[in-house]
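J.: please find the sequence and the predicted model below.
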Amino acid sequence: FSAYCVASTSMTILNKIVVQELGVPFMLLGFQQVVAMAVFAALHFTLGKLDAESTWHIKRFTVGQVRRLLVVGLNFTLILASSLMALPLVSVATVVVFRNFCTVVIAVLERMLFKKKVQLNSWLALIAIVLGS
């Protein structure tokens, strides 16, 4: 957990510095996505080829799966791009608070729209997120 916090916080601060200095949020986003794909591909070709049960092993996929996940991927990219565009205008703390609050909103919407029951432990964790923000 602490490694995630350090990585997330340092990445947000680094993104803010780069976007403020260079003013190229879309280029930064594209660069980060290319690096992530390269790392994943390297792990797949080294570790994924050795073990079919490995996290890095990629199974065959269909066009339908790509079509469905393309919408999710594009939506996520737009979310990241808008976040990078807003980053120079607000403090890092504001970004963290809104990011955490969005998790709570998604849980509430999931409950309302999909009638999915949210466990008590999850609600307590969401309350801790709000109080911690």
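T.: Sure thing, it's come through.
J.: need the per-residue pLDDT for the spatially closest residue to residue 20 that is not a sequence neighbour.
T.: Ranked by Cβ to Cβ, 6 or more residues apart in numbering and with sequence neighbours excluded, the top spatial neighbour of residue 20 is residue 88, at 4.8 Å. For glycine as for every other residue, the C-beta is placed from the backbone atoms N, C-alpha and C. On pLDDT, residue 88 comes in at 88.
J.: same deal with residue 27?
T.: pLDDT, residue 27: 91.
J.: element containing it, please.
T.: helix 25-43 (DSSP states H and E).
J.: tell me the buried residues in that helix?
T.: Neighbour-count burial for helix 25-43, with 16 or more other Cβ atoms under 10 Å as criterion, is recorded at 25, 28-29.
J.: same question for stretch 123-133.
T.: 126, 129.
J.: pLDDT of it, averaged?
T.: 83.
J.: need the contact partners of it.
T.: Stretch 123-133 is contacted by residues 96-97, 100-101, 103-104, 107 when judged by Cβ atoms under 8 Å, 6 or more residues apart in numbering.
J.: if we go to 6 Å?
T.: Here stretch 123-133 makes contact (Cβ atoms under 6 Å, 6 or more residues apart in numbering) with 97, 100, 104, 107.
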